[in-house]
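Asks: Give me the fold of what follows.
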Amino acid sequence: MMDGGVPNIKKWVVVYPVYINSKKTIAEGRRISVEKGCENPTCIEIGDCCSHLKLPFAIEIDKAYPRDFMQVGTVRVLLKREDGSLCNPAIPSRKQLMIHVAELVPRHPGRTKKQEPASTSNAATSKSGKGGKKKR
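Replies: Model (predicted):
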């Protein structure tokens with residue numbers, strides 16, 4: 001089964017973290033509404049959400065989003081099997097996949113711990129930035 005699955009990963013749906021990032025604009029690549037999106041998702045978090053939704057997925061660390069190639073990592077997800085049947089009947093489309101994953105990411109176990117240092121470091125950098133402007 002694995003031999004058949006590996007080449008066909010190219011046919012799987014690609015999900016870039018940018019698609020569900022509420023911090024990004026539509027022009028920057030967001031695909032769902034800000035309300036439904038989540039802040040700065042990682043491809044690992046998206047992958048974990050796909051496994052929670054019982055969808056086969058593959059994380060490609062070496063791939064980047066073309067519009068913002070600093071955003072490294074994509075997730076390939078199998079929505080439909082070879083015979084055309086859905087892997088998870090609750091998720092018939094890419095859009096539904098993005099919405100479901102974006103709902104799950106904020107509840108990701110790594111999130112609760114990770115958010116704290118991220119928010120404090122952002123505050124610290126913005127303060128130092130403002131301080132720099134005052135000196136001039």
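
Asks: What sits closest to the residue sitting nearest the centre point of the chain if chain neighbours are left out?
Replies: The centroid of the chain falls nearest to Pro17 when counting by C-alpha atoms, centre = their mean (2.9 Å). Excluding the flanking residues, the one nearest Pro17 by C-beta to C-beta, 6 or more residues apart in numbering is Pro41, at 4.7 Å. All C-beta atoms are positioned from the backbone trio N, CA, C, and that covers glycine.

Asks: any low-confidence regions in this structure?
Replies: When residues are selected by pLDDT under 70, those of the chain lie in 1-7, 112-136.

Asks: Please enumerate the strands of this structure.
Replies: Counting by DSSP state E, the chain has strands at residues 13-15, 57-65, 68-77.

Asks: I'd like the ones you listed as CSV, with distance to Ala27 appended.
Replies: Shown next, in CSV, are the strands of the chain (distance: least, C-beta to C-beta, whole Å):
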stretch, distance to Ala27
strand 13-15, 19
strand 57-65, 13
strand 68-77, 11
